[in-house]
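>>> How does the following fold in three dimensions:
(chains A, B, C and D)
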Amino acid sequence: MENLIALLVAAPLLGAAVLLVGGRRLDRAGHWLGTLLAAASFVIGLVLFASLLGKDAEHRTLVQHLWTWVPVESFRADVAFRLDQLSVTFVLLITGVGTLIHLYSVGYMAHDERRRRFFGYLNLFLAAMLILVLADNYLLLYVGWEGVGLASYLLIGFWQHKPSAATAAKKAFLVNRVGDIGLSIAIMLMFTTFGTFAFGPVLTSAGDASEGRLTAIALMLLLAACGKSAQVPLQSWLGDAMEGPTPVSALIHAATMVTAGVYLIVRSAAIFNGAPDAQVAVTVVGAVTLLFGAIVGCAKDDIKKALAGSTMSQIGYMVLAAGLGPIGYVFAIMHLVTHGFFKAGLFLGAGSVMHGMNDEVDMRKFGGLRKYMPVTFVTFGLGYLAIIGFPFLSGFYSKDAIIEAAFAKGGTQGWILGSVTLLGAAITAFYMTRVMLMTFFGERRWQPDADGHDPHPHESPTTMTIPMIVLAIGSVGAGFFFHLGDRFVHWLEPVTGHSEGDSPVGVSVITAATLVCLVVGVGIAWAMYGRRAVPAVAPRGSLLTRAARRDLLQDDFNHVVLVRGGEHLTRSLVYVDHTLVDGVVNGTAAGFGGMSGRLRRVQNGFVRSYAVSMFGGAALLVAATLLMRAV
Amino acid sequence: MSFPLLTATAALPALGAVATAAVPASRRSAAKWLALLVSLATLALAVVVLVRFDPDGARYQLTESHAWIKNFGVRYELGVDGIGVALLALTALLIPFVVLAGWNDADPLETGSRRWRPTQGFFALILAVEAMVIISFEATDVFLFYIFFEAMLIPMYFLIGGFGDRAHEHGEEAAATQRSYAAVKFLLYNLVGGLIMLAAVIGLYAVAGNFSLTEIAAARANGSLHMATSTERWLFLGFFFAFAVKAPLWPLHTWLPNAMQESTAPVAVLITAVVDKVGTFAMLRFCLQLFPEASRWATPVILVLALISIVYGALLAVGQRDIKRLVAYASISHFGFIILGIFAMTSQGQSGATLYMVNHGLSTAALMLVAGFLITRRGSRLIADYGGVQKVAPVLAGTFLIGGLATLSLPGLAPFVSEFLVLVGTFARYPVIGIIATFGIVLAALYTLVLYQRTMTGPVKPAVASMPDLKARELLVVGPLIVLLILLGVYPKPVTDIVNPAVKQTMSDVHRTDPKPAVEASK
Amino acid sequence: MSATAVHNLWTTAADPIAKIPAPKIEYGQLAPVLIVAGAALVGVLVEAFVPRRSRYYTQVFVSVVALCAAFASVVALAADGYGTTKAHIAAMGAVAVDGPALFLQGTILLAALVGLFTFAERRLDPEAHGSRVDSFAAQAASVPGSDSEKAAVKAGFTTTEVFPLLLFAVAGMLVFPAADDLLTLFIALEVLSLPLYLLCALARRKRLMSQEAAVKYFLLGAFASAFTLFGIALLYGYAGSMSYARIAQVVDGTATGLDPALADTTGNDALLLIGMALIVMGLLFKVGAVPFHMWTPDVYQGAPTPVTGFMAAATKVAAFGALLRLLYVVLPGLRWDWRPVMWGVAIVTMLGGAIVAITQTDIKRLLAYSSVAHAGFILAGVIATNRDGVSSVLFYLAGYSFVTIGAFAVVTLVRDAGGEATHLSKWAGLGRRSPLVAAVFAVFLLAFAGIPLTSGFSGKFAVFSAAANGGAAPLVVIGVISSAIAAFFYIRVIVLMFFSEPRPDGPTVAVPSPLTMTAIAVGVAVTVVLGVAPQYFLDLANQASVFVR
Amino acid sequence: MNPVNYLYLSALLFTIGATGVLLRRNAIVVFMCVELMLNACNLAFVVFSRMHGNLDGQIIAFFTMVVAAAEVVVGLAIIVSLFRARHSASVDDASLMKL
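Residues are numbered from 1 along each chain as shown, chains lettered A, B, ... in the order given. Got it, this is the predicted structure:
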């Protein structure tokens, strides 16, 4: 059965290869091939999942060893895949959502002449992401880790003729590379600590290592996670990443890739459990990002950027949960999955809106779209309800669980984290309502464009609506399904372990509080955007708003410190290399030249001066000889 | 006596060079085809060597030994260990691509004197370089090695100075002067290095009385040949200096950017991908084996220099306006990694370094050759003159990107494996240096992606609007390289299997063993 | 010294002198010298009696035959084992017949033969009035630019005297390294110098420069030999004898039968040291070591190029031979006195020659300075004071002389309206015009620069390793540095030839007769052979490296 | 009288000759000075021969004279031809070649 695992990866990889190498002759059918292979991978995933269900909880780990990759003395990395409850969950999410988005893209990219390549990249992404979650050791995980980075680079910059897109792509890759430093150092540390970096041995023998080393490893992993999952301080790339085609934002920058960080942390649970300080760091990062993203989300008028902010903040929830340790891991993953559904749905909705509005993204130019694109409205609406945690929808269960877990952490830490999550819930409700209202309610605010014809919004083709509907269903039902009899918890427990924290306050109280926050958030938003008409041009807004519009000045900071500083550094180094390092050499050469020029003047052509030098030479010779004897 | 396989690998291109040079002026294409065939035949021989080589066999295999200059105790001794074989294969592999890529680079613009035959000369010189490089990978006699280590400068020098890059911002005249400046700089740098090494070689002779690497190393090992500490250190420095110039190691690197910038892309590849490898290879083979104690003594300084090379080269690459200079500085950074790996004195480090030599050869070749195709199309080396190429020449852009990704050692491509091995190997013994070196990967991403963004993406510049995509010949050059990069990225085991035993030997030469993992150590 | 001593001395001198034994000369063993000298005399007679048109051929024939015969006899002697086992001192202690002597004589003879070919070359200059001309003045006596000169040219005169002169010089050179007493040394010195002075003055083109060169060479040469002679006088005063063996004994204090009365003349170290210094100085002048090198560039530039080539090669060989014998046979006891001094000389010679050469603009002057630098390298070998030192110097000289002749032969080919185009700027782009010539010259330059696989490298390696073994490691380092500097200007020429655009008014490359071709070919052949497979010759030099005492 | 004084004399003559070479311009005179140096050597030879009581030195003296004569022949030939070409025997005029 485990021999199927490789096929999971192989299918999309094949697709990528064929589509990218195949050339123009594939332009007509290429996209369908890509979709097909993605679907195939999903089916295999289902089969494997079924086979896992067939086993009992302890034996639900399949390992497929393909070949020895890098053997150097004690350093040994294999190309081996590991399928267990955790990874299969991801596999299903990735391939499932992935397939849907392939389908969606068929419609969305219909008019792009480079559609074949787009699907090639999408397949490449699937393959890489699957490697990431299936890898049996950290080095192979690294391959997937960078592979998704590459795919996202290619996809963000898919419209390369737009400089902004190219820049955004580069930025994403670079910021991720910073994170990768963390990952590689973590792996090195593992190697020097355990002599290996395969999941099995590392995680089992994690206990033997000193806490110091574990903390170091954990912090490095956290750094990596920050990069990939756009957590503060490495979050800055996510907003720009929205330059990519919307399906990309939906798949990579909402549902799957950005959650890889969470996967990494949860996968390394054993290490984090041994490093409480690192866990605190994780929770702090999560909490900060949670608020950060939410606040940014409130201020953006670009629908995709608003959603991006929301993504950031939601992942903040997950990271925070993952930082809580055994009480949180499961819920982190659970929220990850549900978020996968509703956030992908929301993005696809946004994409559909843009599709209908000539790629307009400014929500101030929307308004009252619900009657023009009903399907989009409904699916988007369901996603909206799910994310704000409307009772009995997916978000409600997963987020609520996290909030409870945060409180259950206990102590002041518990209180702080708990209240942060609550606050986050409120803000989430606010900005999502804002998006909802600005886009679908109120009166129309769009103008005929420059050459005078009206965008006349319209519903998207079925290839696009079907995925939206499916995802909407998911975002409605998934939470309840998982929650029923703590299915999800029991499913993951063997991998991540699970423990009920002792909550200082009752579960019902927390749930109530959450709902109150929700109502408050929605209320404020309605007060601001529902009752009053939305101005077509953004008001100057408060200081906070303006800061939030610029991602809380984080980019400005990067620009001043890193970019400018870097440019100065390189420029001065170029100067140094030319004048100093090279100058020394050329200087020596010139020195000899000068010496030569001076010495040759002695050769003045006069016999008598030659004779003088000979005479002097003779005298010297004699003197020297006598001197030698004297001393 | 069995067939002298190793001699053949070197003799074939040497004869080929003579033959090519002899082709009459009117038959240019004949010279090209001849050169290509010879290089392919050499590749075939190299494959035979690869097959005949038994990784777990004796340290030096396929050995040949003949008396040469008794009075100097010099013997014509050849033999390859795993490291040598790997680099031999790399060289033999790359030359056909170099020839193919340089197919039209040396055709005379103006028909000069009847006897002026640049094309023949170009390919003859390339083959000559191949012969010399190969034999210096095979030589197990210090003197023999030295001779070819030095002699290869001459053909290289003519390749750089005689067949420079025609694309030049200030016209042909300026190009000529800058080119000869670059050539002279290259020659003098390496000649000075070589002469200082000569002093050391003579010193070694004065101490040891012969030049046989194996004998001396053995005598050092069993203590029958004792060197005063200071002597050994001086000799080591003499050798290392030459290799550090060749490699090149900061601050002896400034000849490389000029040389690569002024020479045609294939020659630039010849320099970094092939010739410079002799330097790093020689560090492994001669410095460590002949002067183990001195090597250990010098390690800290060398590591720091290597570290500087890594960061410094990368930063300078970021600051370049000229595509080829950029690649050159990138190479400097990479050589920093290689030297780091060698002197980290761990098996991961040294295997990684050897692997790195091979992979860097492939990746630079890929990147540089595509860059060359690009430059010959547009007639400029300045990054600023390009933009939006991917729209008009997607295949070119794609291959360029892959070359770039290899340069930034993306996992899945060959360079990643070697780079990571080097980093791990270094980290295991010198954590701080390892960590700092790791920052190199960000800088690598920076200069590669900036290069790609500026040249390939964005709106199409009018100057490149009519640029044709890669031709069949060019694809034939780049395709196999990319395939190899991917293959060695996912399955480097064949190479590591060849290299590891040799590295094990070297490690024992310098009496170092890998540090134990903390967990085991604590138990 | 006291009066009584003098009285004693007088009385001793007044005693009836024993019968002077009839001198016993081993003509067979002196054959090489005798043959050459005899041929030279024949040449003079030829000048006197043979009609002008057939002189040239007769002279060439005589000289070639003579040189070949002489070489043959050298080989025969060596084969007889005079180089090794039967080595001894011939002609009443005047001439040594031993390894170094024979080796160097062989080298000199071959170099002379090759040089002779360049002398005899008559294709390079355009034919003047229907008669082929070589590179020597039509009539040396006639004033440059005068009518008599024009007439001479019109009549198609050529100075065929150059051949006997060459032979005389060769004869002197043959004796020089073999000389075993100071008198012979001095005579040989003069015999080799005087013809060279004349040869320098005989250029066909640029005669003023040629004559100037001759004057400079002559005056300075005479000046130097005066010093040498004075040194000889002092040494004689010290030892009371001319013979090397005797002097050596006195130096070592192993001499027997010294008159105690002479105690304070004999063994007066001041005499010894000063005398040694002055003799050595004379020899250093001949090899062109700093600071006695200043004649070299001017003379090399002014002299007819074939002469320059010949003298640059052969004189160096002979002079170093003499220097070796002097230092190794006569003054080994004084090693600790002369070694440091020679160290100094070697260092300044190596560095000085290399550095000044950097900024030269005339190819002949450039080669002159490079020869200075090479003198320095060879001195490093001399200083080694061990057997390797001798053999390495012999080897180096053999290799170097042929490269030099070849290089100058190439210089004679590159010509424009004014004769040879020796200014470097005119050599620009030669590689484009005639790749072959440029390539050959490049080979010679690389050999000078000591690039591996050329004779220059093996020679340099031999010399330096000998020096290193002889405990002169610092000298090796300096030598290496200066060869790096030297490399710079050799490279400069190569750059000029290959990488710079040819000048429209650039020179043309004359197609030479087989004579010059052979000269160049031999040069290349020796360069490559000694570079790639030096074993045999190293062995030869090694066997030949023992002086007879 | 003490023969050593003759040595001093010869040294003196030698030095005079050398100084003359260094100072005088006229090629002929310079050459004469060289001859003077040679003769100084002769004197030294003779003196030493006298002191050692063997004849080698005196024999050498003859050789030296011959050599000197030969040098005169060669030297004068060269100098004269130079003079005829330039109408000046000043060695300082003969400086075409320098640097």
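>>> From now on I want contacts and neighbour counts done on CA atoms only, so please keep to that.
Will do.
>>> For chain C, what lies in contact range of chain A?
For chain C, the residues in contact with chain A (Cα under 8 Å from any Cα of the partner chain) are C:216, C:219-220, C:223, C:270, C:273-274, C:277-278, C:281, C:291-292, C:294-295, C:298, C:337-338, C:340-341, C:355-359.
>>> Which elements pack onto the lengthiest helix in chain C?
Assignment by DSSP state H gives helix C:207-239 as the longest helix of chain C. Secondary-structure packing of helix C:207-239 (3 or more Cα pairs under 8 Å, 6 or more residues apart in numbering or on different chains; DSSP states H and E): helix A:607-630, helix C:182-200, helix C:244-252, helix C:269-287, helix C:295-302, helix D:27-52, helix D:56-86.
>>> at 10 Å instead, please
helix A:607-630, helix C:182-200, helix C:244-252, helix C:269-287, helix C:295-302, helix D:4-23, helix D:27-52, helix D:56-86 (3 or more Cα pairs under 10 Å, 6 or more residues apart in numbering or on different chains; DSSP states H and E).
>>> helices or strands next to the second one in the packing?
Okay, so that is helix C:182-200. Looks like helix C:182-200 contacts helix C:162-175, helix C:207-239, helix C:269-287, helix C:295-302, helix C:305-325, helix D:56-86 (3+ Cα pairs under 10 Å, 6+ apart).
>>> Over to the last one?
Contact here means 3+ Cα pairs under 10 Å, 6+ apart; on that basis helix D:56-86 packs against helix C:182-200, helix C:207-239, helix D:27-52.
>>> starting at the chain centroid, how far to the longest one?
It stands for helix C:207-239. Relative to the chain's own centre, helix C:207-239 is displaced by 15 Å; criterion: Cα atoms, centre = their mean, to the nearest Å.
>>> swap in stretch A:445-465?
Here stretch A:445-465 is found 31 Å from its chain centre; the criterion is Cα atoms, centre = their mean.
>>> measure that stretch end to end?
Across stretch A:445-465, the terminal residues are separated by 24 Å (Cα to Cα, to the nearest Å).
>>> how about that stretch: buried residues?
Buried positions in stretch A:445-465, judged by neighbour count with 16 or more other Cα atoms under 10 Å in any protein chain shown: A:445-446, A:457-460, A:463-465.
>>> before we move on, the earlier item: tabulate the helices and strands packed on helix C:182-200 (CSV), appending mean pLDDT and mean neighbour count.
Below are these laid out as CSV (pLDDT from 0 to 100; neighbours: other Cα atoms under 10 Å in any protein chain shown):
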stretch, mean pLDDT, mean neighbour count
helix C:162-175, 95, 28
helix C:207-239, 92, 27
helix C:269-287, 91, 24
helix C:295-302, 93, 26
helix C:305-325, 94, 27
helix D:56-86, 91, 19
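>>> can you list these in TSV and add distance to C:L331?
As requested, the helices and strands packed on helix C:182-200 are exported to TSV (distance: least, Cα to Cα, whole Å):
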stretch	distance to C:L331
helix C:162-175	20
helix C:207-239	11
helix C:269-287	8
helix C:295-302	28
helix C:305-325	9
helix D:56-86	21
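>>> which helices and strands sit right next to whichever strand or helix holds A:T511?
Per DSSP states H and E, A:T511 falls inside helix A:507-525. If you count contacts as 3+ Cα pairs under 10 Å, 6+ apart, helix A:507-525 packs onto helix A:374-388, helix A:394-408, helix A:411-440.
>>> so who does residue 94 touch?
This is for chain A. By Cα atoms under 10 Å, 6 or more residues apart in numbering or on different chains, the contact list for A:I94 reads A:38, A:41-42, A:45, A:88, A:100, A:125-127, A:129-130, A:133, A:251-252, A:255-257, A:337, A:340.
>>> Actually, chain D is the one I wanted.
Taking Cα under 10 Å, 6+ apart, one finds A:605-607, C:208-209, C:211-213, C:215-216, D:27, D:82, D:86, D:88 in contact with D:A94.
>>> who's in contact with residue 320?
Picking chain A for this. A:262, A:279-290, A:314, A:328-329, A:332, A:402-403, A:405-406, A:417, A:421.
>>> please go with chain C instead
C:F320 makes contacts with C:104, C:176-177, C:283-284, C:286-287, C:314, C:326, C:375, C:378-379, C:382, C:393-394, C:397, as judged by Cα under 10 Å, 6+ apart.
>>> Repeat that for A:K171.
A:153, A:165, A:177, A:236-238, A:240-241, B:446, B:449.
>>> Out of the residues you listed, flag the one nearest to chain D.
Comparing the contacts of A:K171 against chain D with Cα to the nearest Cα places B:L446 closest, at 54.5 Å.
>>> For the closest one, grab phi and psi.
phi -60, psi -60 (degrees, to the nearest 10).
>>> Kindly provide the distance from it to chain C.
Separation of B:L446 from chain C (Cα to the nearest Cα, to the nearest Å): 37 Å.
>>> my guess is that residue meets A:A172, correct?
No: assessed by Cα atoms under 10 Å, B:L446 is found out of contact with A:A172, at 11.3 Å.
>>> if you count what's nearby, which of those two comes out ahead?
With neighbours defined as other Cα atoms under 10 Å in any protein chain shown, B:L446 and A:A172 compare such that A:A172 has more, 28 against 22.
>>> which residues sit in contact with the more buried one?
Listed by Cα under 10 Å, 6+ apart, the contact partners of A:A172 are A:149-150, A:152-153, A:156-157, A:166, A:227-228, A:230, A:234-241.
>>> Surely C:C200 touches C:L166?
No: in this structure C:C200 lies outside contact range of C:L166 using Cα under 10 Å: 11.2 Å.
>>> Now the common contact residues for the two.
C:307, C:311.
>>> and the closest residue to B:P394 other than its chain neighbours, what is it in contact with?
Take B:P394 and drop its neighbours on the chain: the residue closest to it by Cα to Cα, 6 or more residues apart in numbering or on different chains is B:D469, 7.1 Å away. B:D469 is in contact with B:373-374, B:377, B:389-390, B:392-397, B:475, counting by Cα under 10 Å, 6+ apart.
>>> mind listing the strands in chain A by residue range?
Secondary structure of chain A by DSSP state E: the strands cover A:62-72, A:75-83.
>>> Could you check how many residues crowd around residue 4?
You didn't say which chain, so I picked chain A. The local packing of A:L4 (other Cα under 10 Å) involves 15 other residues.
>>> let's do chain D instead
15.
>>> Would you confirm that A:F557 contacts A:V563?
Yes: counting by Cα under 10 Å, A:F557 does reach A:V563; the two are 9.3 Å apart.
>>> Out of the contacts of A:K171, which sit inside helices?
A:153, A:165, A:177, A:236-238, A:240-241, B:446, B:449.
>>> Tell me if I'm right that B:A314 and B:I332 touch.
Yes: if you go by Cα under 10 Å, B:A314 and B:I332 touch, sitting 7.9 Å apart.
>>> any residues in contact with both of those two?
Residues touching both B:A314 and B:I332 by Cα under 10 Å, 6+ apart: B:L326.
>>> residues near the nearest residue to A:G96 once chain neighbours are set aside, how many?
Nearest residue to A:G96 in three dimensions, chain neighbours excluded: A:F42, at 5.8 Å (Cα to Cα, 6+ apart). Counted by other Cα under 10 Å, the residues lying close to A:F42 total 23.
>>> what residues are up against A:F42?
Shown in contact with A:F42 (Cα under 10 Å, 6+ apart): A:8, A:11, A:36, A:48, A:91-99.
>>> ditto for B:M227
B:204, B:207-208, B:220, B:233, B:291.
>>> May I have the secondary structure class of it?
coil (DSSP: H, G, I helix; E, B strand; the rest coil).
>>> Look up phi and psi at it.
Dihedral angles for B:M227 - degrees, to the nearest 10 - are phi -120, psi 140.
>>> How about A:F366?
phi -100, psi -140.
>>> Contacts only, for it.
A:F366 touches A:303, A:353-354, A:357, A:360, A:437-447, A:457, A:534, A:536, counting by Cα under 10 Å, 6+ apart.
>>> Return the subset of the residues you listed lying in helices.
Per DSSP H, the contacts of A:F366 map to helices at A:303, A:353-354, A:437-440.
>>> Which ones, among those residues, also lie beside chain D?
For chain D, no contacts are drawn from the ones in helices among the contacts of A:F366 by Cα under 10 Å from any Cα of the partner chain.
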